[in-house]
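Enquirer: following is a predicted model, sequence given first.
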Amino acid sequence: MAATPQNPATPRRKVSRHRGEGQWAAGHFTPLNGNEQFKKDDDGLNVRTRIETIYSKRGFDSIDPNDLRGRMRWWGLYTQRKPGIDGGKTAILEPEELDDKYFMLRVRIDGGRLTTQQLRVIGEISQEFARGTADITDRQNVQYHWIRVEDVPEIWERLEAVGLSTTEACGDTPRVIIGSPVAGIAADEIIDGTPAMEEISRRIIGNPAFSNLPRKFKSAISGSPLLDVAHEINDIAFVGVRHPEHGPGFDLWVGGGLSTNPKIGQRLGAWVPLDEVADVYEGVISIFRDYGYRRLRTRARLKFLLADWGTEKFRQVLEDEYLKRKLVDGPAPDQPVARWRDHVGVHQQNDGRYYVGFAPRVGRVDGTTLTKIADLAEAHGSGRVRTTVEQKMIVLDVTEEQVDSLVAGLEALDLTVNPSPFRRGTMACTGIEYCKLAIVETKARGSLLIDELERRIPEFDEPITININGCPNACARIQVADIGLKGQLVLDDAGEQVEGYQVHLGGALGLEAGFGRKVRGLKVTADELPDYVERVLKRFQEEREDDERFATWVARASEEALS
């Protein structure tokens, strides 16, 4: 029988084979996008040899594109934004048009732990190779700018000579493990997670078995009752708790993250003793490696897998396939004992000495200042400093007799130990000055906002967080701030496109963690920002009830009051 001819007027239905989500555990090893292809072609860890032997000798133009915008991130290197390109062109230009011939270099500082010798080396590198730049990030790292590829091998040599590195500071890797900056010294600490952090670093960081993940993997460990590591927005977090039968240990959280699809992490309901933390960490990161979605970059974070599986299945897979044992059920963490979680101020340690926390402006420091901080710390009896997840710093181990002198020395550097709520609570990402993804300026805008609010509302004394981000990617955690500002281009009164922000209000971590409220159509220009924030904070002062928090007031306030 002859085949029936197809009617040419009937469109042919395109038949496509479903290729799954690119999960290795399901046998889907064929790369489904360019990122997965270049990772399969060569492990990102291997690019170091090419940087040292080829690129640093032949210069920027010799760098292979897949190394330049891909594998070099495995060693903390991103190309920075070419000067003079406005925010309107961020999403229009090709990567090679946005790239400058200089790099951002991120120094990995697990737990924010530094010796004064290490801090001095960081400062010296900043002065010699990075035009003085050295920003403290909200993940306890330090970031340089203006780095030439020719200088990278020497920078690595100097960092590694004092026990620092840039290994997997970026890329689809296990990023820095953030930790309580007062681990092991805080008088109220539940448990010190430092031994677990060190064991995780020994096993995982730089290990090719974990250097090709679907995307970044963010981690946190803290035994502080302040809940001081933003555990709710990490892929994995271990939070200090006391089990009624087994004593101090950690509550396990997974699947947190922000960016354009924010999720609060979920408890698995499991209590983990200190000596099993590294095993559990390895199990969770292995689930992400094996079952994580690799088809679409926008769905390649652990939070999407957890949303599809649910916590019960996730825990079952962790126990049955990876740990080969059941975890102990455990309690949830208590609510944080204080509203501020940044350790700013003077606090007594568990050994009778003191630690002193201070606030740079929106995390912006410079190499000269960092070397002076190291000098100050040593002059006052300390060989240890810490960075925090709020872009702050801490000097440890200060005797009572030395506290006042140290505080005066820090204040002379404009590093205040007793900051206003605005200085203390304002945080900003890198912004358009250096970041290729940014649309607006952030650091200078944040610093100006601090000055204006201190001048206009000097009596304001409530904890308030103001987080400023240059694009939608939420590096500065805009969704969980009291006032979150997402950079975008907006229209001014003259109808001209100018830098501005979409406003998120009432986000929070710790106490009733949740995402900020977006008021319909509420956007402010950069020039209007001080007026807007002043207006909202004064309305809060007028309308608040007793000791009501800003986020609680926002939840019940009218849109008119928030506009």
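Expert: That came in fine, so what should we check first?
Enquirer: which ones are touching the residue nearest the centre of the chain?
Expert: Of all residues in the chain, the one closest to the mean position by Cα atoms, centre = their mean is R139, 4.2 Å from it. Neighbouring residues of R139 by Cβ atoms under 8 Å, 6 or more residues apart in numbering: R175, V176, I178, K218, V389. (Glycine included, C-beta is placed from N, CA and C.)
Enquirer: show me the shaky parts of the chain.
Expert: For the chain, the stretches flagged by pLDDT under 70 are 1-19, 511.
Enquirer: residues in contact with stretch 306-325: which ones?
Expert: 254-255, 263, 266-270, 279-280, 282-284, 286-287, 291, 305, 326-327.
Enquirer: apply 10 Å and report the result again.
Expert: For stretch 306-325, contacts defined as Cβ atoms under 10 Å, 6 or more residues apart in numbering pick out 21, 25, 235, 252-257, 261, 263, 265-270, 276, 279-280, 282-288, 290-291, 293, 299, 302, 305, 326-327.
Enquirer: from those, keep the buried residues only.
Expert: 21, 235, 252-257, 263, 265-270, 276, 279-280, 282-288, 291, 293, 299, 302, 305, 327 (16 or more other Cβ atoms under 10 Å).
Enquirer: of those, which belong to helices?
Expert: When helices are assigned by DSSP state H, the members of these inside them are D279, V280, E282, G283, V284, I285, S286, I287, F288, Y291, L302, L305.
Enquirer: skip the chain neighbours and tell me the closest residue to the first one.
Expert: For D279, ignoring the flanking residues on the chain, the nearest one in space by Cβ to Cβ, 6 or more residues apart in numbering is L323 at 6.5 Å.
Enquirer: what does K40 give?
Expert: P31 (5.2 Å).
Enquirer: returning to what we had before: who wins for neighbours among the contacts of R139?
Expert: I178 (30 neighbours; other Cβ atoms under 10 Å).
Enquirer: and it, that one's in a strand?
Expert: Yes. The assignment for I178 by DSSP: H, G, I helix; E, B strand; the rest coil puts it in a strand.
Enquirer: tell me what it is bridged to.
Expert: Assessed by DSSP bridges, I178 has beta-bridge partners A220.
Enquirer: so what does the closest residue to G507 other than its chain neighbours have for phi and psi?
Expert: Spatial nearest neighbour of G507, chain neighbours left out: G516 (3.4 Å); criterion: Cβ to Cβ, 6+ apart. G516 adopts backbone torsions of phi -70, psi 160, taken as degrees, to the nearest 10.
Enquirer: residues contacting G516?
Expert: Applying Cβ under 10 Å, 6+ apart, we find G516 in contact with 262, 467, 478-484, 486, 503-508, 551, 554.
Enquirer: out of those, which sit inside strands?
Expert: Members of the contacts of G516 lying in strands (criterion: DSSP state E): N467, I483, G484, K486, V503, H504, L505.
Enquirer: about what we covered before: ok, of the contacts of G516, which come out buried?
Expert: 262, 467, 478-484, 486, 503-508, 551, 554.
Enquirer: can you give me the neighbour number for the residue nearest to D279?
Expert: 18.
Enquirer: all further residue positions should be reported with the first residue as 75.
Expert: Renumbered: residue one is now 75, and that last one reads L397.
Enquirer: surely G426 and A261 touch.
Expert: Yes. Between G426 and A261 there is a contact at 9.2 Å, judged by Cβ atoms under 10 Å.
Enquirer: residues contacting the nearest residue to V628 once chain neighbours are set aside?
Expert: Excluding its sequence neighbours, the residue lying closest to V628 (Cβ to Cβ, 6+ apart) is G580, at 3.1 Å. Each residue near G580 by Cβ under 10 Å, 6+ apart is listed here: 554-558, 586, 588-592, 623-631, 636.
Enquirer: next one: E234
Expert: T240, T241.
Enquirer: how close does it get to E171?
Expert: Separation of E234 from E171 (Cβ to Cβ, to the nearest Å): 34 Å.
Enquirer: how about V303?
Expert: Distance from V303 to E171, counting by Cβ to Cβ: 38 Å.
Enquirer: more neighbours, these two?
Expert: The neighbour comparison of V303 against E171 (other Cβ under 10 Å) goes to V303, with 32 against 11.
Enquirer: that one against G185, yeah?
Expert: Yes. Counting by Cβ under 10 Å, V303 does reach G185; the two are 9.2 Å apart.
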